[in-house]
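Q: this is a predicted model, with the sequence first.
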Amino acid sequence: MRKRLPMIIALILLFVLGTMAFGCDRSGTTTSDQEQTDTAQDENGTEENGTEENENDGAVIEEEEAAVPAEYTPGDGPRVVMETSQGNLLIELFPDIAPITVEKITGLINDGFYDGLTFHRYVPGFVVQGGDPKGNGSGGPGFTIPAEFNDGERPHIRGALAMARSSLPDSAGSQFYFVLDRAQAAQLDGQYTVFGQIIEGIDIMDKLRQGDVMNKVYMQES
């Protein structure tokens, strides 16, 4: 028994040392993960620098938004009267910015396409949308209109009129939307065709809800 004691002690020591070595390896894995995180932070800048960059970005965005007029000054573009169940809207179209869209929509208006259609979508503080002959967001006129995005000449300000579309840029048809609030719709700039602006009756736009009707839509005589 005495002869075996040193061997038993040696085995116990080996076991303890092996356990300690395994524990260090586990801790090392955690440290390695942390190092990867720290490297990612270094590549993107420190938290302090990152905060300064975000603050600077915010200042640029605020300056850009300050450059966007809150209201549109009426021009001399063709005008549309939209008689809705909530009241009448007077809309100016932008053939200089979106000539193809204005031509196609004007043709639909002259054909009486929009008379009796409804507003089928209302998102508070964002948009109210209509112009679908099916009344559920899936219909159109039987043709599509190529995108006529602009670089900021006509932003999505309150009362702007723009074409709805699918995920494909050139998929607009007859559906359109009015912008209820710039703050929510600014992200749409450069991605949807703005082709008109409400110049009278913006308070009527605020009353429009899903199910409201466009009783009659026609071009105003110049």
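A: It's in. Numbers count the residues shown, from 1 in each chain.

Q: might you report the residue contacts of Tyr72?
A: When the contact criterion is C-beta atoms under 8 Å, 6 or more residues apart in numbering, the partners of Tyr72 are Glu92, Ile157, Gly159, Ala160, Gln197, Ile199. C-beta: built from backbone N, CA, C; applies to glycine.

Q: now Ile199
A: Tyr72, Pro74, Arg79, Leu90, Ile91, Glu92, Gly159 are the contacts of Ile199 under C-beta under 8 Å, 6+ apart.

Q: if you rank the residues you listed by neighbours, which is first?
A: Across the contacts of Ile199, the neighbour count under other C-beta atoms under 10 Å reaches its highest value at Ile91, namely 24 neighbours.

Q: that one touches Arg79, doesn't it?
A: Yes - counting by C-beta atoms under 8 Å, Ile91 touches Arg79, with 6.5 Å between them.

Q: before we move on, the earlier item: which of the contacts of Tyr72 lies closest to Val179?
A: Ala160 (4.4 Å; C-beta to C-beta).

Q: returning to that earlier point: among the contacts of Ile199, which one has the lowest pLDDT?
A: Here the lowest pLDDT out of the contacts of Ile199 sits on Tyr72, with 76.

Q: hmm, Thr118 and Pro133 touching each other?
A: No - using C-beta under 8 Å, Pro133 is not in contact with Thr118, being 9.9 Å away.

Q: count of residues packed around the closest residue to Gly140 other than its chain neighbours?
A: What sits nearest to Gly140 in space, not counting adjacent residues and going by C-beta to C-beta, 6 or more residues apart in numbering, is Gly173, at 3.2 Å. By other C-beta under 10 Å, the residues close to Gly173 number 22.
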